[in-house]
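> can't give you the sequence, but here's the structure:
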């Protein structure tokens, strides 16, 4: 049968054959015991724990953790620029109309000033004509002149009053139109705000519904993954339990076989070499001393297994033969 030990183990065996103490014997037997156990584990292959990781590694989906406040800002950012643009257009249109009316009012004021200037000029011209007419007629009485000038002045005053009245009426009408423009603008701005507030509310409702629908699907998916994870762990644990149970059963069967028939295969060779090393060591002592040392060495029974009795029997027989 092929040797099952590594080169290092062979070197240890060679080193031990020159050993002089029981401690060295116990150490080499311990090393052989550990190495053989390791080789047996390697033959068995990977266990369930090695093959199946503790966690299956299933991926959970992340929730959309966007808050209502963040969705509110998102909805506003989609519509408020449009609302501001529309309100700027409304203000610009209103301002243009207001500017036109204010220009008309200034023109009416200029017309008034021009009319008053013309009336004043006409009055001065009329007074000059009165003076010249009286001189041509040779009339010099001041009372007649004063009466004629007063009449001209009264006409000029009436004309000025009429012009002032016409201007005041037109200016008041323009002021009313400007005030109406302000009211119309405020109403239009309020309507625009209401319109876009409704759009923002509708957009927000859609965003919230979309987020909640997504998160509901994530919850459904993650619950399935959670159940799959629990099922995996439960199944893995059952497989491990079965593996342990099978290993214990196999160990009991092997121990029963070895108790009745002895070791076999690589184990037989390994334990035979351990027995050979023990025999080599204790042979240097007389049978009585060897037996006493063997019985006092608490490690031998574990390292030699069922061959321990063979070692004791060998030196017992030598004792009887001696």
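It's in. Remember, predicted model here, so these are calculated numbers, not experimental data.
> ok, longest helix in the protein?
Ranked by number of residues, the top helix in the chain under DSSP state H is helix 142-261.
> And the next helix or strand past it?
Read in the C-terminal direction, the helix or strand following helix 142-261 is helix 265-282, with elements assigned using DSSP states H and E.
> Give me the distance from that following helix to the chain's centre.
Its chain's C-alpha centre lies 65 Å from the corresponding centre of helix 265-282 when counted by Cα atoms, centre = their mean, to the nearest Å.
> for stretch 315-322, same thing?
Stretch 315-322 has its average C-alpha position 82 Å from the chain's average C-alpha position, going by Cα atoms, centre = their mean.
> again, but for stretch 185-194
Stretch 185-194 sits 40 Å away from the centroid of its parent chain (Cα atoms, centre = their mean).
> what's it in contact with?
Among residues not part of stretch 185-194, those counted as contacts by Cβ atoms under 8 Å, 6 or more residues apart in numbering are 83, 86, 87, 90, 91, 94. Yep, even glycine has a C-beta here, placed from its N, CA and C like the rest.
> The closest residue to the first one other than its chain neighbours: how many residues sit nearby?
Sequence neighbours aside, residue 196 is the residue nearest to residue 83 in space, at 3.8 Å (criterion: Cβ to Cβ, 6 or more residues apart in numbering). Residues lying near residue 196 (other Cβ atoms under 10 Å) number 19.
> how much space between residue 196 and residue 207?
Computed as Cβ to Cβ, to the nearest Å, the residue 196 to residue 207 distance reads 16 Å.
> For the contacts of stretch 185-194, name the two members farthest from one another.
Of all pairs drawn from the contacts of stretch 185-194, the greatest distance, 16.4 Å, lies between 83 and 94 (Cβ to Cβ).
> And the pLDDT for the residue located most distally from the centre of the chain?
Distance from the C-alpha centroid of the chain peaks at residue 138, with 111.5 Å (Cα atoms, centre = their mean). pLDDT, the model's per-residue confidence, is 72 for residue 138.
> again, but for residue 152
What the model reports for residue 152 is a pLDDT of 82.
> follow-up on the earlier one: of the contacts of stretch 185-194, which is the nearest to residue 203?
Distances from residue 203 to the contacts of stretch 185-194, taken by Cβ to Cβ, are shortest for residue 83, at 12.3 Å.
> That closest one: neighbouring residues, count only.
The tally of other residues near residue 83 (other Cβ under 10 Å) stands at 18.
> Look up how far residue 294 lies from it.
Residue 83 is 102 Å from residue 294, by Cβ to Cβ.
> how many neighbours does residue 127 have?
Using other Cβ under 10 Å, the number of residues around residue 127 comes to 16.
> Quick one: residues in contact with stretch 199-211.
Under the criterion Cβ under 8 Å, 6+ apart, external residues in contact with stretch 199-211 comprise 64, 66, 68, 71, 72, 74, 75, 76, 78, 79, 80.
> can I see the domain layout of this protein?
Domain assignment for the chain, taken from automatic domain parsing, gives 1-45+264-322, 78-227.
> any low-confidence regions in the stretch 101-250 of the chain?
Scanning the stretch 101-250 of the chain for pLDDT under 70 picks out 139-141.
> Relative to residue 206, how far out is residue 71?
Counting by Cβ to Cβ, the gap between residue 71 and residue 206 amounts to 9 Å.
> Restricted to buried residues, select the contacts of stretch 185-194 in ChimeraX.
The buried subset of the contacts of stretch 185-194, as determined by 16 or more other Cβ atoms under 10 Å, is captured in ChimeraX by this line:
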select :83,86,87,90,94
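> Okay, and which of the contacts of stretch 185-194 map to helices?
Using DSSP H, the members of the contacts of stretch 185-194 that fall in helices are 83, 86, 87, 90, 91, 94.
> Look at stretch 298-310 and report the distance between its end residues.
This stretch, stretch 298-310, spans 16 Å end to end (Cα to Cα, to the nearest Å).
> Tell me which residues are up against stretch 290-298.
With contact meaning Cβ under 8 Å, 6+ apart, stretch 290-298 is reached by 22, 26, 278, 282-283, 285, 300, 311-312, 315-316, 318-319.
> Out of those residues, the closest to residue 35 would be?
residue 26 (15.0 Å).
> Surely that closest one and residue 304 touch.
No. Residue 26 sits out of contact with residue 304 when judged by Cβ atoms under 8 Å, with a separation of 11.2 Å.
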